[in-house]
Structures are given as C-alpha cells and as structure tokens.
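**Q** Okay, sequence plus prediction incoming.
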Amino acid sequence: MRKRVIAGNWKMNKFLSESVKFVEDTKEKVPTGDKVEAVVCAPYPFLTSLVESAKGSKLQIAAQNMHFEESGAFTGEVSPAMLKDIGVTYVVLGHSERRELFAETDEMVNKKVHAAFNHDLTPILCVGETLAQRENNETMSIVEDQVKLALEGLTDDQVKETIIAYEPIWAIGTGKTATSAQANEVCAYIRKVVAAEVSTEAGEAVRIQYGGSVKPANIDELLSQSDIDGALVGGASLEADSFVQLVEAGAK
Ligand SMILES: O=C[C@H](O)COP(=O)(O)O
C-alpha cells in the first residue's frame with residue numbers, strides 16, 4: 001500500500017509571521033499514522049523558521065525550487081546543499097509555472113532531480129499538459145516525455161522514492177478540476193511508463209499526486225481513484241483549516 005502525500009504549495013504567498021502561525025496551528029492536527037505524509041512547500045525566506053516550528057511534528061517542509069549545482073556563481077539561486085543544511089526534506093521540481101515563466105527545460109529538471117537525491121531531498125516532480133495539448137490529444141505523449149526525461153539516469157530505488165505530481169496546466173488555479181476519471185487515467189498511464197522504463201516494482205511503488213484546483217470538497221473523490229496517491233494543492237492549502245482537512249482526507 002502506497003503512503004499518500006498531501007503537499008500544500010503556497011507559491012509566492014504569505015509573510016513570515018502568518019507562515020509560522022500556520023505551522024503552529026497545523027502541526028499537532030495533521031494525522032500521525034502511516035497512511036499519509038503532510039508537506040508544506042514554502043517560499044525560501046521562511047524555510048528555516050518553518051523547519052524550526054515543525055520540529056518534533058510529522059509536518060515536513062519543502063522548497064518550491066532549487067538550482068542543480070552545489071554552490072558557485074549563480075546569483076539569486078539556492079542550492080540543494082543549502083536546503084539540506086537548513087533541514088528541508090522535500091523539494092518541488094519542474095512546476096509548470098517554473099517551466100512556463102522561468103524557461104525550465106526537461107534537461108534542467110532532470111539535473112535537479114539527480115541533485116535532490118544527491119543531497120537526500122525527496123523530489124516532487126511536476127508534469128502536465130496545456131489545454132491546447134489536451135485538445136490535440138497530446139496529453140499522454142507530453143506527460144510520457146516529461147516523465148522519461150526527468151527520471152533519466154536514476155536508479156530503481158531513486159525512482160521508487162520520487163513523488164510525481166500530475167498537474168494539468170488548465171486545471172491550475174482555474175477552479176476547473178480534472179474529473180477524477182481524467183486524473184486517474186493519466187496517473188495510471190504515468191505508472192505504466194515508469195514500469196516500462198524502469199521496472200514493474202518501481203511502477204508499483206512510485207507515488208503519483210494529482211494537482212489542479214484540489215479542495216476539501218473534491219479530494220475524497222480524487223483519492224478514491226486507483227492510481228492517485230495524494231495531492232499537490234495550491235490555493236486551498238493557504239488556510240490552515242482547509243490544509244488540515246485535506247491531510248485528514250489523505251488519512252482515511
Ligand atoms: O502546485 C499546486 C498546483 O499548481 C495547483 O494549484 P491550485 O490548487 O491553486 O490549482
């Protein structure tokens with residue numbers, strides 16, 4: 001049985017005091033059993049404080065991006081070694097907003113996934129198609145390419161530890177959730193791609209989240225699907241009560 005992962009991606013939202021309050025308010029409320037992991041993906045400046053606040057609880061703190069190099073002349077960037085140094089445990093990589101707005105390529109995402117494992121960080125690898133690609137019946141081939149390129153060169157065990165977030169771009173922040181059947185169809189396909197490219201065991205073990213307008217009202221239906229192992233949530237993860245409800249849904 002795969003352990004679910006519910007991750008709240010705050011994107012470029014919140015200030016320090018409200019971020020710390022959020023963690024203080026939620027860390028004792030997130031379920032502690034072995035059914036679900038709860039992760040908060042916060043902006044860089046708050047990570048140290050949030051790791052400190054979450055200490056001793058089950059809440060994990062993630063970065064929303066990182067560079068793939070360990071150190072060097074990369075003004076404005078943050079390295080995987082720095083994230084590890086401050087106690088961050090997960091990192092979101094290849095989010096569609098980074099791909100679209102900051103020109104991240106599959107090759108860069110692949111380097112970042114390798115760098116995450118080299119520094120003992122669990123990658124949450126995002127993939128997904130645009131509306132035009134879906135309408136052109138390209139969803140499966142786009143997602144397949146993104147998954148193959150991002151996972152290239154990883155060991156079987158690393159692939160098993162990777163969390164893949166399937167996020168159709170047309171469903172992000174739009175209120176238009178993919179139907180649970182649409183979401184599951186793509187997640188099941190990703191699992192098949194991993195099984196074929198890596199190993200049957202890796203296909204079985206890899207955890208696949210759905211992301212795109214997930215909220216307390218629709219998460220049960222999404223999690224009832226055979227190949228959806230959690231959610232990467234933007235808007236609905238900003239309020240503590242809503243985030244706790246989402247994680248509770250993952251623990252059912
Ligand atoms: O990383 C989260 C996703 O981009 C989904 O965002 P959303 O829940 O606001 O649609």
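**A** That came through, no problem. Residues are numbered from 1 along each chain as shown.

**Q** tell me, how many neighbours does the residue of the stretch 1-150 of the chain found nearest the ligand end up with?
**A** Nearest residue of the stretch 1-150 of the chain to the ligand: Asn9, at 3.5 Å (CB to the nearest ligand atom). From N, CA and C alone the C-beta is placed, and that goes for glycine too. Using other CB atoms under 10 Å, Asn9 is surrounded by 26 other residues.

**Q** isn't it right next to Ser96, touching?
**A** No: counting by CB atoms under 8 Å, Asn9 stays clear of Ser96, with 11.3 Å between them.

**Q** Quick check, pLDDT for whichever residue of the stretch 101-250 of the chain sits closest to the ligand.
**A** When distances are taken as CB to the nearest ligand atom, the stretch 101-250 of the chain reaches nearest to the ligand at Gly234, 2.4 Å away. pLDDT for Gly234: 98.

**Q** and the gap between it and Gly203?
**A** Distance, Gly234 to Gly203, using CB to CB, to the nearest Å: 27 Å.

**Q** neighbour count winner among the two?
**A** Shown here are Gly234 and Gly203; by other CB under 10 Å, Gly234 has more neighbours (21 against 18).

**Q** Identify the residue spatially nearest to the more buried one, adjacent ones excluded.
**A** Asn9 (5.3 Å; CB to CB, 6 or more residues apart in numbering).

**Q** ok, what's across the strand from the one you found?
**A** Beta-bridge pairing of Asn9 under DSSP bridges involves Cys41.

**Q** For Lys215, give me its contacts.
**A** Listed by CB atoms under 8 Å, 6 or more residues apart in numbering, the contact set of Lys215 reads Val233, Gly235, Ala236, Ser242, Leu246.

**Q** Let me see the backbone angles for it.
**A** Phi and psi for Lys215, reported as degrees, to the nearest 10, are phi -150, psi 170.

**Q** what do you get for the one 10 residues further on?
**A** Reported as degrees, to the nearest 10, the phi and psi values for Gln225 are phi -80, psi 150.

**Q** I'd say it and Gln182 touch.
**A** No: the criterion here is CB under 8 Å, and Gln225 misses it with Gln182 at 10.0 Å.

**Q** ok, now how distant is the nearest residue to Glu144 once chain neighbours are set aside from Thr162?
**A** Leaving aside its chain neighbours, Glu144 sits nearest to Val193 (5.1 Å; criterion: CB to CB, 6+ apart). The gap separating Val193 from Thr162 is 13 Å, by CB to CB.

**Q** Tell me which of the two has more neighbours.
**A** Applying other CB under 10 Å to Val193 and Thr162 shows that Thr162 carries more neighbours, namely 25 against 21.

**Q** wait, isn't Ser237 in contact with Lys11?
**A** No: between Ser237 and Lys11 there is no contact under CB under 8 Å: 9.4 Å.

**Q** For the two, indicate the residue with more neighbours.
**A** Neighbour totals were compared for Ser237 and Lys11, and Ser237 leads with 26 against 18 (other CB under 10 Å).

**Q** Contact partners for the nearest residue to the more buried one once chain neighbours are set aside?
**A** Leaving aside its chain neighbours, Ser237 sits nearest to Gly8 (2.7 Å; criterion: CB to CB, 6+ apart). Neighbouring residues of Gly8 by CB under 8 Å, 6+ apart: Val39, Val40, Cys41, Val233, Gly234, Ser237, Leu238, Phe243, Leu246.
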